[in-house]
Every structure is written in C-alpha cells, then in structure tokens.
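Peer 1: Structure for this input, please:
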Amino acid sequence: MMASGEEKFIDMMRALAVDPAARALVDDAAVIAFGNETLIVTHDMMVEGVHWLPGQDEADIAWKLVATNLSDLAAKGAEPVGVLLGYMLGPDDARFAQGLGDALSAFGVPLLGGDTVSAPAGGRSHGLTALGRATHRPVPARDGARPGEVLWVTGPVGAAMLGFEALRDGNAGIDTSAYRRPCPRLAEGIALAPLVGAMMDLSDGLLIDAQRMALASQVTLAIDSAAVPVPESLPNSRRREAMAWGDDYELLFTLPPNQCPPCLAYAIGRAEEFCGDSVLLDGAPPKGRLGYWHD
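Peer 2: Numbering: from 1, shown residues only. Now for the predicted structure:
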C-alpha cells in the first residue's frame, strides 16, 4: 500500500524528534519528566471541510477542538492542566468563544493563552495544545500490548459517522452529538492507567488505530467484529465501515486475561504473537480502507 502524504511527513519528522519525550512520534502525546511530576503535552489541529462541515455551529467546533485534544491526554491517564489556543478569525467568533467556554467548564480545564490570526478567504483551521499531569508512572503507551492480553474498547464505534451524515443531510431526527461534541474518556483513562498493557484513543478508526498499537507493540491484534460495540441504529451491513470511519474518541486498551476493567468496556479481541499481519478481523487480514489518513 502506498504511503500517504501524512505518513511520509511523519517519517521525516521522526529524524528530528530524537528526544525521548517524543516517544519516536508513535504515541498520542509527548511525555516529559519535570521534577517530581510527568508532563503530558499534545497538539491537534482541525480544518474546515475535513473536521467540521462548512457553516457548522462555531460553538460545536470549539467544543470538538478541546475534546479531541483532551482525548489524547485521556489515553495517557493524564489529568488536564490547561490548554493553549491557536485560532483563525471567522464569521462568528462570539459563538466560538461560547462553545470554548462550555467545553472548558465541562472538562474543568483552564485556558492559559495562545495566538489569534486572520487570513485571506478560504478554508480555516484551528489548533490547540493541551497540557496534562500524569497520574500514574510509567505512563501508558501504545507499545505495551503483550500476547495473551485481551483487547478492550470503552464504547461504541460508528456514532460519529451517523451523526456526521445526519448533520450533512439536515436530518433533524438523528442525534448528531457524537460527531459535534465528543466526550473524552478522562476518568476512564485515569482509572485504567495503572492496569493496562497498552492504551490509545480512537480518532482515525478502530482498525487503523489497532494497527498502530499492534505495530508499536510488535504483536497481532485479532478482533472479533461481532464483539465490537456499535450504535443500535447502525445497520449490520455498515459495521465494517464504522470500524474504519473514525472520530469516536473511545479508548482502546489491553489488559491481562484475568483482569476486569474498572470502567464500562467491551472485550473485542486478543493480542497474539505476531503472525505476519498486524491486525486480523474475524481471522483474516481486513481488506480495504482501515481508517483515515491525510493525503
């Protein structure tokens, strides 16, 4: 399979990210020892037409920008300390500010600063840096899955896909909140941090994120598609599509076979000795698109 533009660029960046805190750019966030604490730092961007629909409520855009970054902290079992905003001025800045305030209040995180710019007409983009404090050391990583461990996910995949379609099509009868206002699993991440083998959040699709965990851990992750939770309204014929769509922001993690998670979660597979394929779906390598990459 030909590498995407995103993959090629990240490979170039790995040659520069030599500090151990960068975790070779194969993890959800940087992990920095800082005195007696461990600082977790992540930065995500959102682009109009990719991460939100043109004309979408600016308050929802602000909420999602905060939530997606906090989801990376959740995957580290981190407690949020604050955020820095990079904002491109637009048609309804007051509405964005309202949504930002809603998100900061909901997740108990302060705004610490940032930068504001304007640009010629065209697609807009925003960035956010989230800072967190590790609640457990060693800090969970993607590379800790071991053969025999059970693979779990904290909630269903596919709800964001259905919400996006309903919002795009103007279908007022379908709940779109999973797409517009995702909820990072912060409490679950903190509870899981002392127990997991590996942990990461689901942003680009269950299958591609499982592949990333498997490659980092040098194992095969065997997934049972029937065990993967999906919304009740999702047609069974779209289950495979839901596993590759992304924007779910649940936590994917492994635990020893005798360990029960301390939060609601669903066992969806198992880590096995590497068999030549990073991911198996119902016993075979999954065909077609695994998830989202930027071209």
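Peer 1: so where do the strands sit in the stretch 51-200 of the chain?
Peer 2: Counting by DSSP state E, counting those that start in this stretch, the stretch 51-200 of the chain has these strands, from start to end: 78-88, 111-117, 125-134, 150-153, 199-201.
Peer 1: residues making contact with the fourth one?
Peer 2: Taking contacts as CB atoms under 8 Å, 6 or more residues apart in numbering, the residues outside strand 150-153 that touch it are 145, 202, 206, 210, 221-223, 228-229, 250-257, 259, 261, 265-271. No exception for glycine: its C-beta is placed from N, CA and C like everyone else's.
Peer 1: go on, the second one?
Peer 2: Contacts with strand 111-117, where a contact means CB under 8 Å, 6+ apart, come from 82-89, 100, 104, 128-129, 131.
Peer 1: change it to 10 Å
Peer 2: With contacts defined as CB atoms under 10 Å, 6 or more residues apart in numbering, strand 111-117 is touched by 66, 81-89, 93, 100-101, 103-104, 125-129, 131.
Peer 1: Now that strand: average pLDDT?
Peer 2: Predicted confidence along strand 111-117 averages 95 (mean pLDDT).
Peer 1: on contacts alone, who are the packing partners of the lengthiest helix in the chain?
Peer 2: If you go by DSSP state H, the chain has its longest helix at helix 58-74. When contacts are defined as 3 or more CB pairs under 10 Å, 6 or more residues apart in numbering; DSSP states H and E, helix 58-74 packs onto strand 37-47, strand 78-88, helix 93-107, strand 125-134, helix 177-180, helix 186-192, strand 199-201.
Peer 1: Show the average pLDDT along it.
Peer 2: Here the mean pLDDT over helix 58-74 is 97, rounded to a whole number.
Peer 1: Can you tell me who the residue nearest to Gly127 when sequence neighbours are not counted pairs with across the strands?
Peer 2: With sequence-adjacent residues excluded and distances taken as CB to CB, 6 or more residues apart in numbering, Gly127 is closest to Gly86, at 3.7 Å. Counting by DSSP bridges, Gly86 forms beta bridges with Asp115, Gly127.
Peer 1: Many thanks, I have nothing further to ask.
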